Each structure stands twice: as structure tokens, then as C-alpha cells.
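[1] dropping a prediction and its sequence here:
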Amino acid sequence: METRPVVPDRKLLARLVLIREEARNMMGGGILDERNDRGLSTLPEPEVYFLTKLVALKPGKTVREMIKNVMQGKDEGAEDSNDEEASKNGRKAPGGIAGKASVTGVKPLPVRPGMFLETVTKVLGGIYAGNVPGITAQHLEWVHQNTLQVLQEIAF
């Protein structure tokens, strides 16, 4: 469902993501358990870009609102990136990270809840494996928890 260009039912997607996260948590072993390896060799561009924006800000109401908007399909999570308006004005909307062209040359999908949580988990795993604790790890844990809370609000 997350690989589609348009998500037909965000409530269902939120439920599926929550069920998947709960199943992974029930496996035990923690974040570094190899069973929790999602098989991502590279991190998805839109999720990394959005996560970079979140980590640059202080945890709080603003960041929670940004997460909520994206999980509801607004801002970076929007399926329709104003391509029609851009073509009317003779401009092309910038894509990729920081408005630069995508590395792969393929237009990236919007930020999706499951891929976003996987990206946060993968980055956290890298921080913990490298034994580099600190404010970034705490911030990412906060982002992860708030994303799960927002998804619960959407799902139920």
C-alpha cells in the first residue's frame, strides 16, 4: 500500500503500520536484533529529508504538528505535488533533497508512515551500534514515539 503513488485509505495504512510495528516489538531482542532488519540497503530520500528537518528542530508542539501533517498526507506526505500548477506557470516543482534532482532520477514517492518509521529505526540502530549516545538518539526516540501516537490517533 505504501508503494502506491496514492494511498486510498490512510486509516487502514495507519493500522497496518501499527500492527507491523507491534509484531516487530513482540519479537524481542531490541533495535539491533537481526530479525528487525528491514532489508533496506539505502534509506529512502523523502523520509531522510523529512527526518533531517525534524531533527534540526527542538522537540515539541511544532515538530509533532509536522509529523501529524505528513502522516495525514499533507506537506511532504502529499500525493499531489502541485504538478498541474507548476506546468501552468511554466516551472517545474523541485524534487529530491533540498530541491535538487533525485539521485536515482526517479520521482520519489511522498513520505509514507511505514517507511518513515523504518528510516528512524535504521538511523537509531546505526547510532546505537556506533555507541554514539546523546541528544540525537533521544530526539529520534521522541520522533518515533510521537509518530506512533499520531498513527494511533489516525487509526482509531
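    Structure received.
[2] all contacts plus neighbour counts: C-alpha atoms, from now on.
    Fine.
[3] I'd say residue 136 and residue 56 touch.
    No: the criterion here is Cα atoms under 8 Å, and residue 136 misses it with residue 56 at 9.7 Å.
[4] what residues sit buried inside the helix or strand hosting residue 138?
    Element membership for residue 138, per DSSP states H and E: helix 135-155. For helix 135-155, the neighbour count (16 or more other Cα atoms under 10 Å) marks 137, 139-140, 143-144, 146-148, 150-151, 154-155 as buried.
[5] ok, the residue nearest the centre of the chain - contacts?
    The centroid of the chain falls nearest to residue 116 when counting by Cα atoms, centre = their mean (2.1 Å). Residues near residue 116 by Cα atoms under 8 Å, 6 or more residues apart in numbering: 47-48, 51.
[6] dump the helix holding residue 138 to PDB, restricted to CA.
    The C-alpha trace of helix 135-155 is given here as PDB (Å, rounded to 0.1, in the frame of the first residue of the first chain):
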ATOM      1  CA  ILE A 135      20.600  14.200  22.200                       C
ATOM      2  CA  THR A 136      20.200  12.900  18.700                       C
ATOM      3  CA  ALA A 137      19.300   9.400  19.900                       C
ATOM      4  CA  GLN A 138      16.900  10.900  22.400                       C
ATOM      5  CA  HIS A 139      15.400  13.100  19.800                       C
ATOM      6  CA  LEU A 140      14.900  10.200  17.400                       C
ATOM      7  CA  GLU A 141      13.300   8.100  20.100                       C
ATOM      8  CA  TRP A 142      10.900  11.100  20.700                       C
ATOM      9  CA  VAL A 143      10.100  11.300  17.000                       C
ATOM     10  CA  HIS A 144       9.500   7.600  16.800                       C
ATOM     11  CA  GLN A 145       7.100   7.600  19.800                       C
ATOM     12  CA  ASN A 146       5.200  10.700  18.600                       C
ATOM     13  CA  THR A 147       4.900   9.200  15.100                       C
ATOM     14  CA  LEU A 148       3.300   6.100  16.700                       C
ATOM     15  CA  GLN A 149       1.000   8.200  18.800                       C
ATOM     16  CA  VAL A 150      -0.100  10.200  15.700                       C
ATOM     17  CA  LEU A 151      -0.700   7.000  13.800                       C
ATOM     18  CA  GLN A 152      -2.800   5.700  16.700                       C
ATOM     19  CA  GLU A 153      -4.900   8.900  16.500                       C
ATOM     20  CA  ILE A 154      -5.400   8.400  12.800                       C
ATOM     21  CA  ALA A 155      -6.100   4.700  13.000                       C
END
